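S.K.: Coordinates only, no sequence provided:
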């Protein structure tokens, strides 16, 4: 049995413990929802205030150059690159995940179908995050293609001569199950397809090596594990072997080879810059850069490898504590036990009351979230930058108390009767 | 002859003068580039700090509801609506101008061509802002359509049975020339085409009445006259008669009829919400809202009608002063003298030295900008919210001194010899 003392001992010898001081966490909160919105780094308020008051307020239009605003999408992209096994000059931070997916999926389809128009199927996972499916559905409708949604275990067998693109989210948002990026990419390439990876629940959460996996395209989120602030811009990566082969349809001026020449005709910029589009929200990018810098601070402590080790230790600890201390309360485990298949979250299932239990936990300051489905899911994200093992203990202790006290039942009653 | 005393007298009786106090303007700067990046409202730093520290730092994920983040695109859209003759619920603030143009132009083409596939031409103006042309070029290439670029005076005659969409920027970014929105829209409708208006240099700058003009679609910028901060999100408006007729291809989850149902298939939201796409940059939207609120503060003083009156008085004053005090220096006027054809800027031309003259003015604290072309343009934006008539006098006095002292010649010499 795991004890509170065990957890404290793990914290005491955690080499990443000092990183917690880089973040603002409200008193009385155990934040297990960093996979929805990462918390605020301590450096962010002053840096954003500087951007507002000095760069904008005093510098005005001049700051596009003097404060590095114009270069921000590429400068931040280089920082993201270090977290996902990409190289400098290959990533831009820009727009939203949905829009970046539209760009890279468009380009991937154009590249494949230029030579092989018979490839007219986009394959994805039925439980992929919905916005990915909506974007793919729209693009397929637009181009007269087919979007085929499968269960994870059906995918390898379905890749074939009609497959244009396999589009997957690396770590499933509901269950935390992780694909083997290298193996899946290899299988898709053998079938002649390109692969688009969504790294929303991977970047900053697990080790990703896009080049080692031979990946083609990737996009991801700035506001989850990267701690970039609410709605922070997303990122896009394109393997250099594809970057200059096609353009993408959101061909705004920031993607032009000579944006300030103001020529009436479009010439795509070389490389990843053609995946930009319009003018970017600088204040939100400024906050995102502070989030990325917390990862740079983790580099001397072992970087993503060390963060991943701790992430697995945290999720192992949480799973063990739930099973030891909350047994008999009808909880199941949706997240894989095998490390190689697990992201940085733990998802519990329960046939009834999951929503109310999550609400009761939030009322106690343990912030996770609820995902409806069959079964319903209680989702807990574990971010090794700022969480420790005692947090796991305390979260599970609250969960145990909620389950044993029947608070969740009252919550459920209130909800059903619209009392609150 | 206009005198400094005349200008001071105009300021003294200017009912909009108190609005200047809503903005931070650096000491020693006369800011005539608010049509590139509006200045920082005084309320913005504290409001953004609150969003970072309280809403994000303390509220964390809970602020999507409790702090109104999720509703921000529509709440801000309602504020924009008041400035452009739209109604509540018809506008969203989201993404960039380029991306919103892609959405509305896609939808406009789909609507027209659903019934009339022979309409395969998009008409625009050769001197439209380039990103508009690039987006239209990409979309036309994607759909096998033709983008036809014409001079302004050729457009009315070119509208015909093959025209699908007329896409124009209301106020030209280079010259400040303004189209008659109602007349042009009527002419396009008579030809069976739809019209997409880009309001980047109109919203907050001139009176716009989209409903009165019978317009179909409009988009515009948040960081110019709306003072929303660097790269602030843009806006999109769709006339209710079109809003539910088609979807747009950037069909991300924020445009879904039930975004939190997480269904795998896409169902567009009713109305303007279907023109959203992915998660929005909340910190940048927060700053934009402060910019919009400065216009709400102008409402009791007469709103856009009063702002337009002052804008025309400012540009009249600037033109008169340039002609009276800078005669014989080779300056021409690119901006129409006729009020009905003039936006909120004055563009001067000069065969040589325009770049250097603008640089010399900037060195003196008079910030305008330079637009290359034949002829080159010195561009000065006039924003009645925070500029006065004495500013006009002082700006022209600096221009006179630059021209007479030959400073610009030294600047030009330095630039050509790469001394600086």
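M.R.: Arrived safely, thanks for sending. What you see is a predicted model, and the numbers here were worked out from it, not measured in a lab.
S.K.: Can you pull the domain assignment for chain A?
M.R.: When chain A is parsed with the TED database, its domains come out as A:4-31+A:303-413, A:47-297.
S.K.: Kindly present those as CSV, with separate columns for distance to chain B.
M.R.: All C-beta atoms are positioned from the backbone trio N, CA, C, and that covers glycine. Converted to CSV, the domains of chain A look like this (distance: least, C-beta to the nearest C-beta, whole Å):
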stretch, distance to chain B
domain A:4-31+A:303-413, 5
domain A:47-297, 3
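S.K.: Can you tell me which of those domains is most buried?
M.R.: Ranked by average neighbour count under the criterion mean count of other C-beta atoms under 10 Å in any protein chain shown, those are headed by domain A:47-297 at a mean of 22.
S.K.: So for stretch A:339-358, mean pLDDT?
M.R.: The average pLDDT for stretch A:339-358 rounds to 96.
S.K.: same deal with stretch A:116-136?
M.R.: Throughout stretch A:116-136, pLDDT has a mean value of 97.
S.K.: so which strand or helix has the residue nearest to residue A:126 when sequence neighbours are not counted?
M.R.: With sequence-adjacent residues excluded and distances taken as C-beta to C-beta, 6 or more residues apart in numbering or on different chains, residue A:126 is closest to residue A:149, at 4.4 Å. For residue A:149, the element it lies in under DSSP states H and E is strand A:146-150.
S.K.: got the contact list for that strand?
M.R.: Contacts to strand A:146-150, defined as C-beta atoms under 8 Å, 6 or more residues apart in numbering or on different chains, come from residues A:120-126, A:128, A:133, A:136-137, A:140, A:158, B:264.
S.K.: mind listing which of the residues you listed are in strands?
M.R.: In strands, defined here by DSSP state E, the members of the contacts of strand A:146-150 are A:121-125.
S.K.: Now distance to residue B:291 too, for the residues you listed, in CSV please.
M.R.: Listed next are the ones in strands among the contacts of strand A:146-150 as CSV, based on distance: C-beta to C-beta, whole Å:
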residue, distance to residue B:291
A:121, 46
A:122, 40
A:123, 44
A:124, 39
A:125, 41
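S.K.: just the residues you listed now: which is nearest residue A:167?
M.R.: Closest approach to residue A:167 among those (C-beta to C-beta): residue A:124, at 4.7 Å.
S.K.: quick check: angle from the strand holding residue A:149 to strand A:121-125?
M.R.: With axes from the mean of the first three to the mean of the last three C-alpha atoms, to 10 degrees defining the directions, strand A:146-150 sits at 30 degrees from strand A:121-125.
S.K.: Mind listing the strands strand A:146-150 pairs with, and their directions?
M.R.: Taking DSSP bridges as the criterion, strand A:146-150 pairs within the sheet with strand A:121-125 (parallel).
S.K.: Helix or strand for residue A:250, just tell me which one.
M.R.: Counting by DSSP H and E, residue A:250 is part of no helix or strand.
S.K.: no, scratch that, I was asking about residue A:241
M.R.: Secondary structure here is read from DSSP H and E; on that basis residue A:241 sits in helix A:240-243.
S.K.: Which other helices and strands does that helix contact?
M.R.: In this structure, helix A:240-243 packs against helix A:97-115, with contacts taken as 3 or more C-beta pairs under 8 Å, 6 or more residues apart in numbering or on different chains; DSSP states H and E.
S.K.: Centre of the chain to the helix it packs on, how far?
M.R.: With C-alpha atoms, centre = their mean, to the nearest Å as the basis, helix A:97-115 stands 20 Å off its chain's centre.
S.K.: helices and strands around that helix, which ones?
M.R.: Checking 3+ C-beta pairs under 8 Å, 6+ apart, helix A:97-115 ends up next to helix A:130-143, strand A:163-169, strand A:194-198, strand A:217-220, strand A:234-238, helix A:240-243.
S.K.: Can I get these in TSV including distance to residue A:36?
M.R.: Formatted as TSV, these follow (distance: least, C-beta to C-beta, whole Å):
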stretch	distance to residue A:36
helix A:130-143	14
strand A:163-169	15
strand A:194-198	15
strand A:217-220	14
strand A:234-238	15
helix A:240-243	31
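S.K.: Nearest to residue B:37 among those would be which one?
M.R.: strand A:234-238 (23.6 Å).
S.K.: for the closest residue to residue A:274 other than its chain neighbours, what are its contacts?
M.R.: In space, and not counting its chain neighbours, residue A:274 is closest to residue A:268: 4.1 Å by C-beta to C-beta, 6+ apart. Residues touching residue A:268, when contacts are defined by C-beta under 8 Å, 6+ apart, comprise A:247, A:251, A:255-257, A:274.
S.K.: next one: residue A:271
M.R.: If you count contacts by C-beta under 8 Å, 6+ apart, then residue A:271 has A:89-90, A:240, A:243-244 around it.
S.K.: do that again at 7 Å, thanks
M.R.: With C-beta atoms under 7 Å, 6 or more residues apart in numbering or on different chains as the criterion, the residues that contact residue A:271 are A:89, A:243-244.
S.K.: could you redo the contacts of strand A:146-150 as TSV and give each row distance to residue B:10?
M.R.: Putting the contacts of strand A:146-150 into TSV (distance: C-beta to C-beta, whole Å) gives the following:
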residue	distance to residue B:10
A:120	67
A:121	68
A:122	63
A:123	68
A:124	63
A:125	66
A:126	67
A:128	62
A:133	59
A:136	59
A:137	58
A:140	60
A:158	73
B:264	62
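S.K.: which among those gets closest to residue B:13?
M.R.: In terms of C-beta to C-beta, no member of the contacts of strand A:146-150 lies closer to residue B:13 than residue A:137, at 59.7 Å.
S.K.: Give me the helices and strands touching the helix or strand that contains residue A:11, please.
M.R.: Residue A:11 belongs to helix A:4-12 when elements are defined using DSSP H and E. Using 3 or more C-beta pairs under 7 Å, 6 or more residues apart in numbering or on different chains; DSSP states H and E as the contact criterion, the neighbours of helix A:4-12 among helices and strands are helix A:389-405.
S.K.: Can you name the residues in contact with the helix it packs on?
M.R.: Here helix A:389-405 makes contact (C-beta under 7 Å, 6+ apart) with A:4, A:7-8, A:10-11, A:30, A:32, A:314, A:317-318, A:321-322, A:325-326, A:329, A:357, A:360-361, A:364, A:366, A:408.
S.K.: For the nearest residue to residue A:381 once chain neighbours are set aside, give me phi and psi.
M.R.: The spatially closest residue to residue A:381, leaving aside those adjacent along the chain, is residue A:35, at 3.3 Å (C-beta to C-beta, 6+ apart). Main-chain torsions, residue A:35, degrees, to the nearest 10: phi -80, psi 0.
S.K.: How about residue A:381?
M.R.: Here the main-chain torsion angles of residue A:381 (degrees, to the nearest 10) amount to phi -90, psi 140.
S.K.: Hmm, it is touching residue A:34, no?
M.R.: Yes. With contact defined as C-beta atoms under 7 Å, residue A:381 and residue A:34 form a contacting pair (4.9 Å).
S.K.: where does chain A have low pLDDT?
M.R.: A:411-420 (pLDDT under 70).
S.K.: change it to 50
M.R.: Residue ranges of chain A with pLDDT under 50: A:419-420.
S.K.: quick check: longest helix of it.
M.R.: Longest helix in chain A by number of residues, with DSSP state H as the criterion: helix A:303-325.
S.K.: about what we covered before: closest one of the contacts of residue A:268 to residue A:281?
M.R.: Top of the list for closeness to residue A:281, among the contacts of residue A:268 and by C-beta to C-beta, is residue A:255 at 16.6 Å.
S.K.: Now for the closest one: which residues touch it?
M.R.: When the contact criterion is C-beta under 7 Å, 6+ apart, the partners of residue A:255 are A:268-269, A:273-277.
S.K.: Understood, closing this out.
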